[in-house]
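Engineer: below: sequence and its predicted model.
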Amino acid sequence: MNILVVDDEKLIVKGLAFSLEQDGNTVDCAFDGSEALQKIKENDYDIVLLDLMLPEMNGYEVCEKVRTFSRVPIIMLTAKSEDDDKIMGLECGADDYITKPFNVMELKARIKAVMRRVSYSLQKEASDSSDSNNILIGSIKLDVNNRRCYIAGREYNLTSKEFDILALLCSNPNMIFSREKLLNIVWGSEYPGDVRTVDVHVRRLREKIEPNPGEPSYVHTKWGVGYFYGE
């Protein structure tokens with residue numbers, strides 16, 4: 001794999017790079033947020049290991065900007081263990097997080113788990129698009145092949161997970177999916193996070209596509225049960 005390691009602590013970067021290269025990976029390095037963003041724009045990485053606390057631009061900001069142009073998998077490296085910080089990282093578009101100090105073997109296992117989920121998602125995408133490139137329901141049109149969302153002719157820029165949630169719900173109108181079910185389907189059964197991750201992504205999805213997020217027209221809640229599409 002081609003991996004970008006982003007951390008302002010050069011000894012950490014050097015150690016991670018050495019360990020990852022021992023497994024046959026190619027490792028590139030960046031030491032601040034601006035440099036990381038520029039390298040991701042200019043190179044084709046398989047995965048990015050992104051530290052949260054960076055000079056010039058923090059990991060949250062980098063992740064949000066990357067998600068406007070790339071779906072490259074991102075694992076946050078953070079010294080913060082609070083749940084809110086972890087949820088914020090996932091909300092910004094990260095695929096996983098690991099708290100410092102961490103065991104390098106655990107990090108490698110998480111990298112493999114993320115790459116398996118990405119591989120499965122791409123295979124499923126290809127399979128779905130071979131049957132139909134579009135999901136059409138009500139005023140929503142989802143271009144599955146190109147992962148683009150249109151509502152009443154207007155395009156909305158969704159993150160990968162937001163698109164997956166909406167596509168799943170639209171493909172099964174009025175079917176209620178529990179948060180646990182959505183977590184297993186969209187993130188994969190090996191995902192170590194909790195169901196609040198689903199709530200965060202649904203809230204962000206509603207903020208983007210709903211005329212009134214407080215009274216949703218598309219993604220509804222069945223209190224105590226889960227989420228469903230209805231229009």
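Structural biologist: Alright, I've got the coordinates.
Engineer: for this structure, what spans make up the strands?
Structural biologist: 2-6, 26-30, 47-51, 74-78, 96-99, 134-137, 140-143, 148-151, 154-156, 219-222, 226-229 (DSSP state E).
Engineer: next, format the ones you listed as CSV and append mean neighbour count and distance to residue 112.
Structural biologist: Yep, even glycine has a C-beta here, placed from its N, CA and C like the rest. Formatted as CSV, the strands of the chain follow (neighbours: other Cβ atoms under 10 Å; distance: least, Cβ to Cβ, whole Å):
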stretch, mean neighbour count, distance to residue 112
strand 2-6, 21, 12
strand 26-30, 18, 16
strand 47-51, 25, 10
strand 74-78, 24, 11
strand 96-99, 20, 11
strand 134-137, 14, 31
strand 140-143, 18, 30
strand 148-151, 18, 30
strand 154-156, 12, 32
strand 219-222, 16, 32
strand 226-229, 21, 30
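Engineer: let me have those in a markdown table, extended by distance to residue 168.
Structural biologist: Formatted as a markdown table, the strands of the chain follow (distance: least, Cβ to Cβ, whole Å):
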| stretch | distance to residue 168 |
| --- | --- |
| strand 2-6 | 30 |
| strand 26-30 | 34 |
| strand 47-51 | 24 |
| strand 74-78 | 22 |
| strand 96-99 | 20 |
| strand 134-137 | 10 |
| strand 140-143 | 10 |
| strand 148-151 | 13 |
| strand 154-156 | 16 |
| strand 219-222 | 11 |
| strand 226-229 | 9 |
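Engineer: a markdown table for those, including distance to residue 181 and mean pLDDT?
Structural biologist: Output for those, formatted as a markdown table (distance: least, Cβ to Cβ, whole Å; pLDDT from 0 to 100):
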| stretch | distance to residue 181 | mean pLDDT |
| --- | --- | --- |
| strand 2-6 | 32 | 95 |
| strand 26-30 | 37 | 95 |
| strand 47-51 | 27 | 94 |
| strand 74-78 | 24 | 90 |
| strand 96-99 | 20 | 88 |
| strand 134-137 | 19 | 88 |
| strand 140-143 | 20 | 92 |
| strand 148-151 | 22 | 93 |
| strand 154-156 | 24 | 92 |
| strand 219-222 | 12 | 94 |
| strand 226-229 | 7 | 94 |
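Engineer: and those strands: which comes nearest residue 164?
Structural biologist: Counting by Cβ to Cβ, residue 164 lies closest to strand 140-143 out of the strands of the chain; the figure is 10.4 Å.
Engineer: gap between that closest one and the chain center?
Structural biologist: 20 Å (Cα atoms, centre = their mean, to the nearest Å).
Engineer: again with stretch 2-9
Structural biologist: The chain centre lies 18 Å from the centre of stretch 2-9; the measure is Cα atoms, centre = their mean.
Engineer: got a list of contacts for it?
Structural biologist: Stretch 2-9 is contacted by residues 13, 16-17, 20, 25-33, 35-36, 39-40, 43-51, 53-55, 59, 62, 77, 111 when judged by Cβ atoms under 8 Å, 6 or more residues apart in numbering.
Engineer: of the strands of the chain, which is nearest residue 211?
Structural biologist: Going by Cβ to Cβ, the one of the strands of the chain nearest residue 211 is strand 148-151, 9.4 Å.
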